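[1] need coordinates for the following:
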Amino acid sequence: MTHVFHRQLSAELPRAVGGEGVYLIDSNGKRYLDASGGAAVSCLGHGDPDVIAAVKAQLDTLAFAHTAFFTSEPAEQLADLLAESAPGDISMVYFLSGGSEAVEAALKMARQYHLERGDNSRTRFIARRQSYHGNTVGALSVGGNVWRREPFKEMLVETSHIAPCYAYRERHDDESEIEYGLRIANELETEILRLGPENVAAFIAETVGGATAGVLPPVEGYFKRIREICDQYGVLLILDEVMCGMGRTGTLFACEQDGIIPDIVCIAKGLGAGYQPIGATMATDKVYAAFKGGSGLFQHGHTYLGHAAACAGALAVQTKIRDQGLLAQVRERGKQLTERLHERFGNHPNIGDIRGRGLFQAIELVADRATKAPFDPALKLHARIKASAMENGLICYPSGGTVDGARGDHVLLAPPFIISPAQLDELADKLGKSVDAALANTGL
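    Numbers count the residues shown, from 1 in each chain. Next up, the predicted model:
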């Protein structure tokens with residue numbers, strides 16, 4: 001009997017005992033190609049000797065010093081690296097232990113920013129349907145996934161949710177992608193005006209939609225219009241790049257490809273590549289100045305902020321990504337992954353869409369390609385695909401509720417940046433076999 005309180009209490013999970021590059025190894029010696037980096041975490045793969053050495057060296061020097069009393073060298077160096085690499089004037093870094101904490105801090109930072117300026121009525125947040133921002137109460141409140149919110153809805157902070165940028169399902173036949181993007185973005189202005197601009201603190205969105213909708217890249221012009229609307233009404237723009245950032249889409253910050261600068265950006269996952277728990281909330285000079293010139297205190301904190309060993313590990317990860325040209329490799333491998341997915345699934349009768357950026361991609365499954373009708377949720381197709389993939393030695397990230405939180409299935413892929421072309425072939429082959437086996441097992 002296990003005493004670990006697993007997410008799924010009936011799950012009999014294999015026991016991971018090792019990792020080598022893009023593979024994880026269980027206690028029976030079975031090797032699994034990690035095609036999703038866990039949950040888009042393991043960007044450098046497993047067992048990287050340089051990152052491991054950096055963490056060990058830091059532990060030999062200093063493991064922990066509480067940030068109420070001290071800063072540390074790895075925290076200062078990592079903040080410098082991130083500030084130098086971030087777009088525009090995003091220059092201040094608040095370290096945390098993961099993505100949910102980063103989003104929670106961003107929401108409180110946005111609220112306090114307005115308080116510091118005497119704009120006390122700005123308490124409302126606007127987000128998007130089918131978004132995912134984490135599982136703490138504030139992050140879950142702004143998240144737009146119905147299934148995740150349902151058990152806790154009475155506990156959540158009231159939040160407005162507008163349409164996601166989901167061109168595959170929501171673009172009209174008679175409009176271009178740019179026209180579609182502007183139409184969807186303008187829903188933000190409509191909601192701000194409904195609430196009253198003086199009441200709105202921030203709009204939060206994943207730059208590239210992640211786990212709950214299956215990698216939704218924004219169409220051209222969408223975020224530029226979002227930025228214009230936020231500026232017009234004094235609303236802060238928070239971008240959640242916990243899953244899509246830190247090089248996953250081919251640039252260190254995903255928003256670089258959309259030509260905009262958020263006021264606050266949340267990062268985690270690929271920041272530390274899984275070698276230590278770490279996340280961060282980054283803010284522009286404008287946001288920081290309101291605190292510096294006001295109370296001089298961000299009224300928020302956790303015990304493990306700026307953990308020295310976590311920062312040392314993340315510093316080694318980010319230094320390696322920079323110095324070994326891995327962003328360019330992500331762009332190249334991303335093109336190769338797209339080609340392989342289209343080769344394997346482009347004519348598949350049950351794959352409706354193949355989408356993504358860089359090494360952040362997904363396939364969306366449909367019962368009918370012509371109508372885009374999703375499968376019956378009762379089939380739990382995504383769970384069948386996951387089980388089949390594990391049987392085939394493949395780790396991927398299937399999820400259900402893609403369309404509206406109840407209907408729809410997709411498979412998210414986020415392999416390590418170090419994956420080779422031959423391993424991409426293995427990925428596509430094993431995924432194809434797993435999808436076909438799961439479909440066959442439904443009896444349809």
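[2] please enumerate the strands of the stretch 101-250 of the chain.
    With DSSP state E, counting those that start in this stretch as the definition, the stretch 101-250 of the chain shows strands at residue ranges 124-128, 160-162, 200-206, 236-240.
[3] and the shortest one, what does it pack onto?
    For strand 160-162, the elements it packs on are strand 124-128, helix 177-195, judged by 3 or more C-beta pairs under 8 Å, 6 or more residues apart in numbering; DSSP states H and E. All C-beta spots, glycine's among them, are computed from the backbone N, C-alpha and C.
[4] can you report phi and psi for residue 320?
    phi -70, psi -40 (degrees, to the nearest 10).
[5] from residue 59, how far off is it?
    Counting by C-beta to C-beta, to the nearest Å, the gap from residue 320 to residue 59 is 19 Å.
[6] among those two, which residue is more densely surrounded?
    More crowded of residue 320 and residue 59, by other C-beta atoms under 10 Å: residue 320, with 19 against 13.
[7] how about the contacts made by that one?
    Shown in contact with residue 320 (C-beta atoms under 8 Å, 6 or more residues apart in numbering): 44, 48, 50, 51, 326.
[8] same deal with residue 394?
    32, 33, 35, 427, 430, 431, 434.
[9] isn't residue 63 right next to residue 311, touching?
    No - Residue 63 lies out of contact with residue 311 (C-beta atoms under 8 Å); the separation is 11.4 Å.
[10] please compare these two by neighbour count and tell me which comes out ahead.
    Neighbours were counted for residue 63 and for residue 311 using other C-beta under 10 Å; residue 311 has more, 28 against 13.
[11] in which helix or strand does the more buried one reside?
    Element membership for residue 311 (DSSP states H and E) is helix 308-323.
[12] quick revisit: quick one: which of the contacts of residue 320 has the most company?
    Counting by other C-beta under 10 Å, top hit in the contacts of residue 320: residue 44 with 26 neighbours.
[13] just confirm that residue is within a helix.
    No - per DSSP: H, G, I helix; E, B strand; the rest coil, residue 44 lies outside any helix segment and is coil.
[14] which residues does it contact?
    51, 273, 317, 320, 321, 416, 417, 418.
[15] now residue 222: closest residue in space that isn't a chain neighbour?
    Nearest non-adjacent residue to residue 222, counting by C-beta to C-beta, 6 or more residues apart in numbering: residue 181, 3.7 Å away.
[16] now swap in residue 68 and tell me
    Take residue 68 and drop its neighbours on the chain: the residue closest to it by C-beta to C-beta, 6+ apart is residue 301, 7.5 Å away.
[17] can you report how many residues neighbour the one you found?
    13.
[18] in three-state terms, label it for me.
    Three-state assignment for residue 301 (three-state DSSP): coil.
[19] ditto for residue 94
    Relying on three-state DSSP, one would call residue 94 strand.
[20] who's the nearest residue in space to it that is not next to it in sequence bridged to?
    Once flanking residues are discounted, residue 94 sits nearest to residue 281: 4.5 Å by C-beta to C-beta, 6+ apart. Judged by DSSP bridges, the bridge partners of residue 281 are residue 94, residue 266.
[21] and residue 281, how many neighbours?
    Residues contacting residue 281 under the criterion other C-beta under 10 Å number 26.
[22] now swap in residue 335 and tell me
    Other residues close to residue 335 by other C-beta under 10 Å number 12.
[23] quickly note the distance from it to residue 250.
    Separation of residue 335 from residue 250 (C-beta to C-beta) stands at 9 Å.
[24] before we move on, what about residue 399?
    From residue 399 to residue 250 the distance is 23 Å (C-beta to C-beta).
[25] and if you look at residue 266?
    19 Å.
[26] which of these two has more neighbours?
    Set side by side, residue 266 and residue 250 show more neighbours around residue 266, with 32 against 22, by other C-beta under 10 Å.
[27] for residue 270, give me the pLDDT.
    Note for residue 270: predicted pLDDT of 98.
[28] ok, now the one 3 residues further on?
    On pLDDT, residue 273 comes in at 98.
[29] residue 303 reaches residue 65, doesn't it?
    No - in this structure, residue 303 is not within contact of residue 65 by C-beta under 8 Å, at 11.5 Å.
[30] these two: who's more crowded?
    Shown here are residue 303 and residue 65; by other C-beta under 10 Å, residue 65 has more neighbours (14 against 10).
[31] among the contacts of residue 394, who's most crowded?
    Most surrounded of the contacts of residue 394: other C-beta under 10 Å gives residue 35, at 27 neighbours.
[32] list the residues that contact that one.
    Listed by C-beta under 8 Å, 6+ apart, the contact partners of residue 35 are 394, 395, 396, 413, 414, 415, 427, 430, 431.
[33] just the CA trace of the worst-scoring helix or strand of the chain on mean pLDDT, in CSV.
    Lowest on mean pLDDT, DSSP states H and E among the helices and strands of the chain sits helix 146-149, with a mean of 93. Extracted in CSV, the C-alpha atoms of helix 146-149 (Å, rounded to 0.1, in the frame of the first residue of the first chain):
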residue,chain,number,x,y,z
VAL,A,146,-15.2,24.8,-16.4
TRP,A,147,-14.2,21.3,-15.2
ARG,A,148,-11.4,22.5,-13.0
ARG,A,149,-13.5,25.3,-11.5
